[in-house]
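In: give me a 3D structure for the following:
(4 chains)
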Number of protein chains: 4
Amino acid sequence: MRNTNLPQTLRDAMSSIAKMFETHPVRPSSDHATAIECITACYACAEACNACADACLGEPSPGHLVACIRLDEDCADICLATARVISRLTATDKTVAGALLRACETACDLCAKECGEHGGKMPHCAVCAAACQRCADACRHLLKEAA
Amino acid sequence: MRNTNLPQTLRDAMSSIAKMFETHPVRPSSDHATAIECITACYACAEACNACADACLGEPSPGHLVACIRLDEDCADICLATARVISRLTATDKTVAGALLRACETACDLCAKECGEHGGKMPHCAVCAAACQRCADACRHLLKEAA
Amino acid sequence: MRNTNLPQTLRDAMSSIAKMFETHPVRPSSDHATAIECITACYACAEACNACADACLGEPSPGHLVACIRLDEDCADICLATARVISRLTATDKTVAGALLRACETACDLCAKECGEHGGKMPHCAVCAAACQRCADACRHLLKEAA
Amino acid sequence: MRNTNLPQTLRDAMSSIAKMFETHPVRPSSDHATAIECITACYACAEACNACADACLGEPSPGHLVACIRLDEDCADICLATARVISRLTATDKTVAGALLRACETACDLCAKECGEHGGKMPHCAVCAAACQRCADACRHLLKEAA
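Out: Take a look at the predicted model:
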């Protein structure tokens, strides 16, 4: 991998979420570390699930991976919606955000378990399981903090 | 900001895209640095645009920012679709990917210009303009490499 | 409006959801009317919310409509995720689907209320409120049936 | 199928797009039939592709349908982005909309062809091919009208 330029791109990508929160007109001075971690974990999980579903399709016998592909796709959809909703600071409704975070936590836990079972044989499932686990934890953390 | 734990999260988030590409069953050994940069830039831009639209709504006079909010939302939608399509390696169709990358490049260039005009007064627009510019460049780079 | 050809397009659009369910290899013979109604209502609500947010932005004083725009966008994101997850019949996980349907019901109820308050002055909000109400009811109906 | 209540739901769903356009503050009196047809066809195609990918996964040998599933997912992502962008009337940028419509037309044409080849054996692919063809035609029509 010729990825020497990636760390900088990454740092830029992430720091823009933090900067956006710092410069938001409504709640500029709040401490948003837990929300930022949740948003980052949601995008990372959405991408891992999206890529894992495709990698599963590319395996010699994708028929054994149907449950995994299916969960990957559900999880990616829910993570993207969650990342977007949590990122809107102007007037967050706690009931909506809470219900969505619980759906996201549930989907991520389930996908982490399913992908984890294939992780020994298929490294892309191991990567995806780790991303799902981090996202489930981040949702739980934010739910606890916001409660 | 209590974000001391963010860099690790970020590094994890990004490294999972690279690992997913490295472990993909169809093209595991290819050099995907340009695609990874494009995918990362697309997610970062989608999130910056989504957050910038909300930050604009939170400004005292959002009526002056309608063009900006509108472009933010279009750009976020197109960036997310692009990130997902480019991440699927199993059987990429170059015509579809090329057309979508051109749409993404166009939306990002336009949004970078519009947000850039407000960046002096509103820091969230400056952050968003930078994310859009990086994404437009990443799309151009991938289009050139894949041509 | 020169929309004489719309009813046919509509009937086609909808009948394709029903046909897709009828021809699905896993559960071809089930009665999916409640799920189909929920999926249709989710797409219709996602579109109404997306268009209402834009129409609100086009009003002379969008500053008064910030809460409405914000809810519209959350609701659209959650409805789209819900429509996609409920449409995948191969191996639906009831816990994930249930949590997501509750999030969708909550967002739709809230958006119906907010848009309903502006519906007297702004017809696009009245249209959106009706779409949200229908979607909230469809989610409740499916949750009840699947329980 | 106990779907006697579907036609009404459908008519409601569709008429809300038309009503939204009719009541939009920026361009309330325009003739938007072509745009409405395009938006409807995009949602219908996104849903058909999403459901077809899942139905393919449920077939006894999904390994033969990898190209179809992959195209379905790309097509669904691009159609949803297109539907949302075209629905925002406040300040449409023709360059962005044009590039996206071309990407959508390309993806739909390709997916219609791929699904069409399996349509004889798998009815869900035939339904999906028809939805893709209608959407490709609707994009071409709107591109021509807006040129």
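In: contacts and neighbour counts: CA atoms only from here.
Out: Fine.
In: contacting residues for the most centrally placed residue in chain A?
Out: Chain A has A:C42 as the residue nearest its centroid, 2.1 Å off, counting by C-alpha atoms, centre = their mean. Counting by C-alpha atoms under 8 Å, 6 or more residues apart in numbering or on different chains, A:C42 touches A:C79, A:L80, A:T82, A:A83, A:C135.
In: now A:I36
Out: A:I17, A:A18.
In: so A:A53 sits against A:I69, correct?
Out: Yes. The pair A:A53 / A:I69 is scored as a contact, 4.7 Å apart, by C-alpha atoms under 8 Å.
In: the helix or strand where A:I86 lies: how far from the chain's middle?
Out: Taking DSSP states H and E as the definition, A:I86 sits inside helix A:66-87. Put simply, helix A:66-87 sits 8 Å off its chain's centre (C-alpha atoms, centre = their mean, to the nearest Å).
In: buried ones in that helix?
Out: Neighbour counts over helix A:66-87 (16 or more other C-alpha atoms under 10 Å in any protein chain shown) mark A:66-87 as buried.
In: try stretch A:93-109
Out: A:93, A:96-109.
In: ok, back up a step: save the contacts of A:C42 as CSV, and put in pLDDT and distance to C:S16 too.
Out: Converted to CSV, these look like this (pLDDT from 0 to 100; distance: C-alpha to C-alpha, whole Å):
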residue, pLDDT, distance to C:S16
A:C79, 98, 27
A:L80, 98, 26
A:T82, 98, 29
A:A83, 96, 31
A:C135, 97, 35
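In: tell me what the helix holding A:I86 is packed against?
Out: helix A:33-57, helix A:94-118, helix B:33-57, helix C:66-87 (3 or more C-alpha pairs under 8 Å, 6 or more residues apart in numbering or on different chains; DSSP states H and E).
In: the first one to helix D:33-57, inter-axis angle?
Out: Between the axes of helix A:33-57 and helix D:33-57, defined by axes from the mean of the first three to the mean of the last three C-alpha atoms, to 10 degrees, the angle is 70 degrees.
In: any idea of the mean pLDDT in helix A:33-57?
Out: If you average the pLDDT over helix A:33-57, you get 93.
In: hey, what's the angle from that helix to helix D:66-87? Just curious.
Out: 140 degrees.
In: quick one: distance of helix A:33-57 to the chain centre.
Out: The answer for helix A:33-57 is 4 Å, by C-alpha atoms, centre = their mean.
In: quick revisit: redo the helices and strands packed on helix A:66-87 as JSON lines? Include distance to D:V127.
Out: Shown next, in JSON lines, are those (distance: least, C-alpha to C-alpha, whole Å):
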{"stretch": "helix A:33-57", "distance to D:V127": "22"}
{"stretch": "helix A:94-118", "distance to D:V127": "29"}
{"stretch": "helix B:33-57", "distance to D:V127": "32"}
{"stretch": "helix C:66-87", "distance to D:V127": "15"}
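In: and those: which comes nearest B:H124?
Out: Nearest to B:H124 among those is helix B:33-57; the distance by C-alpha to C-alpha comes to 5.9 Å.
In: please report how far A:K113 lies from chain B.
Out: Distance of A:K113 to chain B, computed by C-alpha to the nearest C-alpha, to the nearest Å: 18 Å.
In: ok, the nearest residue to that residue once chain neighbours are set aside - contacts?
Out: Distance criterion C-alpha to C-alpha, 6 or more residues apart in numbering or on different chains; nearest residue to A:K113, sequence neighbours excluded, is A:A129 at 7.0 Å. Residues near A:A129 by C-alpha under 8 Å, 6+ apart: A:C111, A:A112, A:K113, A:E114, A:C115, A:G116, A:G119.
In: and if we set it to 7 Å?
Out: Counting by C-alpha atoms under 7 Å, 6 or more residues apart in numbering or on different chains, A:A129 touches A:C111, A:A112, A:K113, A:C115, A:G116.
In: and for A:A81?
Out: Neighbours of A:A81 in contact, by C-alpha under 7 Å, 6+ apart: C:D77, C:I78, C:A81.
In: could you redo the last one with a cut-off of 6 Å?
Out: C:D77, C:I78 (C-alpha atoms under 6 Å, 6 or more residues apart in numbering or on different chains).
In: so how far is A:L101 from it?
Out: Taking C-alpha to C-alpha, to the nearest Å as the measure, A:A81 falls 10 Å from A:L101.
In: same check on A:C79?
Out: A:C79 is 9 Å from A:L101, by C-alpha to C-alpha.
In: same check on A:E114?
Out: 20 Å.
In: A:A48 contacts A:C128, correct?
Out: Yes. At 5.2 Å, A:A48 counts as touching A:C128 under the criterion of C-alpha atoms under 6 Å.
In: those residues of chain A touching chain C, which are they?
Out: A:D74, A:D77, A:I78, A:A81, A:V85, A:V96, A:A99, A:L100, A:A103, A:T106, A:A107 (C-alpha under 6 Å from any C-alpha of the partner chain).
In: chain B: which of the residues you listed is nearest?
Out: A:V85 (9.2 Å; C-alpha to the nearest C-alpha).
In: give me the nearest residue to A:S61, chain neighbours excluded.
Out: D:G63 (6.4 Å).
In: and that neighbour, what's its pLDDT?
Out: 89.
In: out of the helices and strands packed on helix A:66-87, flag the one nearest B:T23.
Out: helix A:33-57 (8.2 Å).
In: number of residues surrounding the residue nearest to A:A131 when sequence neighbours are not counted?
Out: Nearest residue to A:A131, sequence neighbours excluded (C-alpha to C-alpha, 6+ apart): A:C45, at 5.0 Å. Close neighbours of A:C45, defined as other C-alpha atoms under 10 Å in any protein chain shown, add up to 32.
In: ok, now the one 4 residues further on?
Out: For A:C49, the count of nearby residues is 35 (other C-alpha under 10 Å).
In: ok, the one 5 residues further on next?
Out: Burial of A:D54 is recorded as 28 neighbouring residues (other C-alpha under 10 Å).
In: repeat that for A:H32.
Out: A count of nearby residues for A:H32, using other C-alpha under 10 Å, gives 18.
In: how much space separates the closest residue in space to A:C42 that isn't next to it in sequence from B:I17?
Out: Excluding the flanking residues, the one nearest A:C42 by C-alpha to C-alpha, 6+ apart is A:C79, at 4.9 Å. Counting by C-alpha to C-alpha, the gap from A:C79 to B:I17 is 16 Å.
In: per-residue pLDDT, A:D93?
Out: 84.
In: same question, the one 10 residues further on
Out: Looking at A:A103, its pLDDT stands at 97.
In: show me what contacts it?
Out: If you count contacts by C-alpha under 6 Å, 6+ apart, then A:A103 has C:V96, C:A99, C:L100 around it.
In: ignoring the adjacent residues along the chain, who's closest to it?
Out: C:A99 (4.7 Å).
In: again with A:L143
Out: A:G98 (6.5 Å).
In: sec struct for A:T92, please.
Out: coil (DSSP: H, G, I helix; E, B strand; the rest coil).
In: gap between it and A:G98?
Out: 10 Å.
In: equivalent analysis for A:S61, please.
Out: Taking C-alpha to C-alpha, one finds A:S61 at 38 Å from A:G98.
In: equivalent analysis for A:L89, please.
Out: A:L89 is 14 Å from A:G98, by C-alpha to C-alpha.
In: check A:A51 too.
Out: In terms of C-alpha to C-alpha, A:A51 sits 27 Å off from A:G98.
In: please apply the same query to A:A138.
Out: From A:A138 to A:G98 the distance is 13 Å (C-alpha to C-alpha).
In: alright, I will stop here.
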